[in-house]
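> please find the sequence and the predicted model below.
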Amino acid sequence: MSGNNLICVLLLVLLMPALHACGGKNMPAGNGSKPEVAVVNDEPDPLKGLKLYLGYCFVCHGQTGDGNGPYASMLSETPSDFTDSTYFGTKTDEELYDFISKGGIAHGKSMHMKPFGFQMTPDEIQSTIAYIRVLNRHERINRDKQSDLSGQEIYRNSCVMCHGEKGSGEGRLSKMLGLKVRPMNAEQLSEFSGAKLYNIVQDGMPSDTTGSGRFMPAWGNSLSEKEIIDVISYINTF
Ligand code: HEC
Ligand code: HEC
């Protein structure tokens, strides 16, 4: 509690009428039913988890979670198959959290499974686990839920790890895995029509693309039409 708030609380106790002088916004409402200190994290949200999963995990674990991502063939160990409900039924959320944040080596497993605790917040890891549970249960996500994320926020959740700040191509994941991602800027993007850009984000790069395009996930099952349009407007500002 900051010094100012402490003084306000003291005033509240001693001198009710002075309440309005403390800028009532941060004060408990009348009977104090809303504790000031409560910082409640969002519930782990599987749809948010999917958006993060496609950004951070898809390259190895695959678009459908079966362990067959475009990067998997370059690895000496096979990424886990999240559709294996028998195996994942034996794992608690706490165990998955520990594994994802500390990585394979810390658990005597593959070095290719990196410690994501350096790249993702606890809340983001929890949402990703919520999505892994959806894959364990062989369910699908309804992406039509209203989202109030701006194009910039979508970029931060789902694109920056590969495309980098302002489309530099030097995201943390692409650097870590040595993925080549060319810089994106308005001039380069103007090679594509608006409809073509929409299709790339929705479905990934066309399957006959040579080069690193296969590392571009398809977002059609996680981003709504509006979100795709908003994130394209955002990348067009680079
Ligand atoms: C560079 C490839 C790569 C990326 C990216 C990757 N993984 Fe993995 N992951 C692996 C490999 C390989 C294994 C298998 C480890 C083993 O069995 O030795 C694995 C295993 C796992 C497991 C199984 C743990 C267990 O108890 O057996 C979980 C859970 C997991 N990864 C979650 C994630 C999540 C979540 C992300 C994204 C945030 C992610 N992985 C990104 C390669 C990757
Ligand atoms: C796992 C890595 C990865 C993520 C995450 C990712 N992309 Fe890509 N994306 C790529 C790669 C690789 C290419 C091909 C670039 C190249 O050929 O050098 C690409 C290509 C593109 C292109 C075509 C333009 C070009 O430079 O080829 C667009 C547009 C694009 N991505 C938008 C997005 C958006 C929007 C998001 C987030 C919603 C996103 N990408 C997330 C890897 C990724």
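All right, it came through fine. In this text, all values refer to a predicted model and were calculated from it rather than measured experimentally. Ligands and ions are numbered 1, 2, ... in the order given.

> which SSE is residue 126 in?
For residue 126, the host element (DSSP states H and E) is helix 122-136.

> centroid-nearest residue for the protein?
Nearest residue to the geometric centre of the chain (Cα atoms, centre = their mean): residue 52, 2.7 Å.

> is it in contact with residue 129, as I believe?
No: at 10.3 Å, residue 52 does not count as touching residue 129 under the criterion of Cβ atoms under 8 Å. (C-beta placed from N, C-alpha, C; glycine too.)

> hmm, back to that, tilt between the helix or strand containing the residue nearest to the centre of the chain and helix 122-136?
Secondary structure assignment for residue 52, by DSSP H and E: helix 46-56. Interaxial angle, helix 46-56 versus helix 122-136 (axes from the mean of the first three to the mean of the last three Cα atoms, to 10 degrees): 100 degrees.

> measure the residue nearest to the centre of the chain to residue 158 for me?
From residue 52 across to residue 158, the span is 7 Å (Cβ to Cβ, to the nearest Å).

> poorly predicted segments of the chain, please.
Low-confidence segments of the chain (pLDDT under 70): 1-42, 145-146.

> near ligand 2, which residues of it?
The chain comes close to ligand 2 at residues 55, 59, 158-159, 161-163, 179-182, 184, 197, 200-201, 205, 211-213, 215-217, 219, 231, 235, as judged by Cβ under 6 Å from any ligand atom.

> just the buried ones among those residues, please.
Applying 16 or more other Cβ atoms under 10 Å to these, the neighbour count classes 55, 59, 158-159, 161-163, 179, 181, 184, 197, 200-201, 205, 212, 215-217, 219, 231, 235 as buried.

> quick one: the helices in the protein?
Ranges of helices in the chain, per DSSP state H, are 3-14, 46-56, 58-61, 85-89, 93-102, 122-136, 151-158, 160-163, 172-177, 186-189, 194-203, 225-235.

> can I get those helices in CSV with distance to ligand 1?
Shown next, in CSV, are the helices of the chain (distance: least, Cβ to the nearest ligand atom, whole Å):
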stretch, distance to ligand 1
helix 3-14, 37
helix 46-56, 4
helix 58-61, 3
helix 85-89, 7
helix 93-102, 5
helix 122-136, 5
helix 151-158, 12
helix 160-163, 9
helix 172-177, 6
helix 186-189, 26
helix 194-203, 20
helix 225-235, 20
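
> and residue 140, what does it touch?
The contact partners of residue 140, by Cβ atoms under 8 Å, 6 or more residues apart in numbering, come to 134, 221.

> how close does it get to residue 222?
11 Å.
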